[in-house]
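Asks: Provided below for reference: sequence and predicted model.
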Amino acid sequence: MGRTLSEKVWDEHVVRSAPGEPDLLYIDLHLIHEVTSPQAFDGLRLAGRAVRRPDLTLATEDHNVPTLDWDKPIADPVSRTQVETLRRNAEEFGVRLHSLGDVEQGIVHIIGPQLGLTQPGMTIVCGDSHTSTHGAFGAIAFGIGTSEVEHVLATQTLMQARPRTMAVTVNGSLPAGVTAKDLVLTLIAHTGTGGGQGYIVEYRGPAIEELSMEARMTICNMSIEWGAKAGLVAPDQTTFDYIKGRPQAPTGDDWDAAVTHWKTLLTDEDAVFDKEIVLDASEMTPFVTWGTNPGQGVQLSASVPHPEDFEDEGDKVAAQKALEYMGLEAGTPLREVKVDTVFVGSCTNGRIEDLRAAAEVLKGRHVASDTRLLVVPGSVRVRLQAESEGLDVVFKEAGGEWRGAGCSMCLGMNPDQLQPGERSASTSNRNFEGRQGKGGRTHLVSPLVAAATAVSGTLASPADLPPLG
Amino acid sequence: MEKFTTHTGTGLPLRRSNVDTDQIIPAVYLKRVTRTGFEDGLFAAWRKDPHFVINQPAYDGATVLVAGPDFGTGSSREHAVWALMDYGFKVVISSRFADIFRGNSGKAGLVAAQVTQDVVEQLWKLVETDPTTQIIVDLQERTIQADALTAPFEIDDYTRWRLLEGLDDIGITLSHEEDVTAYESRRPAWKPVTS
């Protein structure tokens, strides 16, 4: 019987396998940031261990860093200590680090692909659940905890039980104005936050094949939001074209050898997935969340649901609690929900295509008078590219703020936070209670919906805006 | 890691589904570089509500958290496990755990015991009726016992073995170092490096 893509990649990385034990998997790339690594390096020091493969390890600073005044010392002493701890650890253990101020600094999941380090058929881990992003290249990529970070640092391997396999087949084509973000939010509303637990998911079908690499990254990024171990897309010409010429991409004969191998990374015709979900992209529309987990979402054209709409008793209670927290009344059309802050950025939607999409909507328009727009590029390279295209000018002329690279308002760990009760439309990945700042209320949206919402002041898609005169 | 065989303690009923790791410990508490002392961040936002179950004196000293489905979703932060353990929890019982949380629990020594939702409901009733109810979690037998209730729980064989023996994963892997070195000698030369 044939094998699925993820089974092929898994098999290629098994160092040791024994009955009754998890497989010992080799890790091709270990990405590190300041938040989940300090205790792991401490563990190495305590045991007198070294980093086995510093040459397969890369660190950056992203979660804690400010997106203003990045040329000055970090103001918050606790954040500063954590970042300085990473710098000391990288120095001591010989790990390449892209610090704040470095041209390659940025969100860990933006810089891997950007440098060409993320390639098909790899195993990639990081102490961050959005590591699933790298699956867009046909890699098995997943988030790990700090104990596992220490394990990878010490051994370049991980013990992992083999997950089951799932196919998410997306037929048709996304209509104009509907994005990869809408697709994945639609999927998560369909499966719930636990639907993918225990599975590595392959996103496939015509709608996925049509997507750019950046759009595929958006989808794989949110695999964890429906509980999947990892999500991946089979590599194709789109993938190879994206990688070619990047700083760490193979060259010459190595390139040819790599591509020859990458072309074998397809699910065999006769392979069987343990489960399959089939969706039709052509029916999808702009999608937003109304609740406090990424599965609580509906079409933008819909209204806030009633808790009684849910059959399951647990879902009813969860919906009731979510509406209370979100300050929403059941039955309110989502297009009437007023938004205080719009955030465009994060490892989900902080790449150049996302910024171009937002700028296209904002060009010649202005942000609503009592709404704030924050645009945060995912990396320094993305910032410089956007500035070379004049996108920063578009954002600033529209009344938005243009910032430096980092995780920013995706999570309440740096100065960019919502105030209690403040409502956001955010291109990030999590609408959990307090995620963007204590008491903050988050609606997850695509970059197009974010930009249109900034202009309208209420949740909106570009089609809802008056045409430019 | 300490060996875990059987634990007996009182339960805390957390009647919520989808308890994500941002709720277990918000990001602001993750700025520390130490591995202990995270108990003050546990359920930090919910704890501000005096009615939140953890604030009820009847549940002081509870060591077994009984939670709704999809516990530990979201962020990979192992700090969520550390916060639960630092607060005094030894076991979390739920009908569904997020994968990363479950893995982190096994590494840090917290038992994530998976039962059917029906068992969770029975435990909730028992500990809400009598908060002094003793819950016995037997890892050897993989059973939970409380009052007249005895129910099996799921935990994978390997994690169970490691917890029973109190073993350190890195030590186990380093005993297979020859396999790792042999694998490295087979890796294609075109695979990327960071240096």
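Replies: In hand now; what should we look at?
Asks: can you check the pLDDT for residue A:1?
Replies: Looking at residue A:1, its pLDDT reads 85.
Asks: for chain B, see how far away it is.
Replies: Distance, residue A:1 to chain B, using C-beta to the nearest C-beta, to the nearest Å: 25 Å. From N, CA and C alone the C-beta is placed, and that goes for glycine too.
Asks: which strands and helices sit next to the host helix or strand of residue A:24?
Replies: Assessed by DSSP states H and E, residue A:24 sits inside strand A:23-26. With contacts taken as 3 or more C-beta pairs under 8 Å, 6 or more residues apart in numbering or on different chains; DSSP states H and E, strand A:23-26 sits against strand A:14-16, strand A:157-160, helix B:177-186.
Asks: single out the most deeply packed of the ones you listed.
Replies: strand A:157-160 (a mean of 24; mean count of other C-beta atoms under 10 Å in any protein chain shown).
Asks: close to chain B, is the helix or strand that it is followed by?
Replies: Later in the chain than strand A:157-160, the nearest helix or strand by DSSP H and E is strand A:164-171. No. Against chain B, strand A:164-171 shows no contacts by C-beta under 8 Å from any C-beta of the partner chain, the least distance being 11.4 Å.
Asks: if we can go back for a sec, quick one: the strand holding residue A:24 to chain centroid distance?
Replies: 25 Å (C-alpha atoms, centre = their mean, to the nearest Å).
Asks: in that strand, what's buried?
Replies: A:23-26 (16 or more other C-beta atoms under 10 Å in any protein chain shown).
Asks: again with stretch A:234-248
Replies: Neighbour-count burial for stretch A:234-248 [16+ other C-beta under 10 Å]: A:234-236, A:238-240, A:242-243, A:246, A:248.
Asks: residue A:295 and residue A:170: what is the separation?
Replies: Computed as C-beta to C-beta, to the nearest Å, the residue A:295 to residue A:170 distance reads 18 Å.
Asks: ok, back up a step: restrict the buried residues of stretch A:234-248 to those near chain B?
Replies: Among those, chain B is touched by residue A:248 when using C-beta under 8 Å from any C-beta.
Asks: ok so, going back, neighbour-wise, which of residue A:295 and residue A:170 wins?
Replies: Taking neighbours as other C-beta atoms under 10 Å in any protein chain shown, residue A:295 and residue A:170 compare with residue A:170 leading, 28 against 25.
Asks: that one reaches residue A:183, doesn't it?
Replies: Yes. If you go by C-beta atoms under 8 Å, residue A:170 and residue A:183 touch, sitting 6.7 Å apart.
Asks: the residue lying closest to residue A:328 once chain neighbours are set aside: neighbouring residues, count only.
Replies: Take residue A:328 and drop its neighbours on the chain: the residue closest to it by C-beta to C-beta, 6 or more residues apart in numbering or on different chains is residue A:304, 4.9 Å away. Using other C-beta under 10 Å, residue A:304 has 20 neighbouring residues.
Asks: wait, what's in contact with residue A:88?
Replies: The contact partners of residue A:88, taken as C-beta atoms under 8 Å, 6 or more residues apart in numbering or on different chains, number zero.
Asks: so which bits of the host helix or strand of it are buried?
Replies: Residue A:88 belongs to helix A:77-93 when assigned by DSSP H and E. Neighbour counts using 16+ other C-beta under 10 Å place A:79, A:81-86, A:89-90, A:93 of helix A:77-93 among the buried residues.
Asks: those also near chain B: which ones?
Replies: A:79, A:81-82, A:85.
Asks: any chance of the residues you listed in a markdown table, plus pLDDT?
Replies: Converted to a markdown table, these look like this (pLDDT from 0 to 100):
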| residue | pLDDT |
| --- | --- |
| A:79 | 95 |
| A:81 | 96 |
| A:82 | 97 |
| A:85 | 98 |
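Asks: dump the residues you listed into TSV; add distance to residue A:348 as well.
Replies: Listed next are these as TSV, based on distance: C-beta to C-beta, whole Å:
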residue	distance to residue A:348
A:79	22
A:81	28
A:82	23
A:85	27
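Asks: show me the contacts for residue A:423.
Replies: A:327, A:337-341, A:440-443.
Asks: ugh, wrong one, I meant residue A:313
Replies: Residue A:313 makes no contacts at all, as judged by C-beta under 8 Å, 6+ apart.
Asks: how far away is it from residue A:325?
Replies: Distance from residue A:313 to residue A:325, by C-beta to C-beta: 19 Å.
Asks: please enumerate the strands of the stretch 201-350 of chain A.
Replies: Along the stretch 201-350 of chain A, the segments classed as strands by DSSP state E, counting those that start in this stretch run A:230-232, A:275-280, A:287-289, A:297-299, A:341-344.
Asks: and the first one, which strands flank it?
Replies: To tie it back to what came earlier, the one meant is strand A:230-232. When pairing is defined by DSSP bridges, strand A:230-232 lines up against strand A:199-204 (parallel).
Asks: can I get the partner strand in CSV? Just the C-alpha atoms.
Replies: Extracted in CSV, the C-alpha atoms of strand A:199-204 (Å, rounded to 0.1, in the frame of the first residue of the first chain):
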residue,chain,number,x,y,z
TYR,A,199,-3.6,13.9,13.4
ILE,A,200,-1.1,15.2,11.0
VAL,A,201,-3.2,16.9,8.3
GLU,A,202,-2.5,17.2,4.6
TYR,A,203,-4.3,20.1,3.0
ARG,A,204,-4.9,19.2,-0.6
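Asks: give the buried residues for the lowest-mean-pLDDT helix or strand in chain B.
Replies: Ranked by mean pLDDT, DSSP states H and E, the weakest helix or strand in chain B is helix B:169-174, scoring a mean of 93. Of the residues in helix B:169-174, B:169-170, B:172-174 count as buried by neighbour count, 16+ other C-beta under 10 Å.
Asks: ok, is it in contact with chain A or not?
Replies: Yes. In terms of C-beta under 8 Å from any C-beta, part of helix B:169-174 sits within range of chain A, namely B:169-170, B:172-174.
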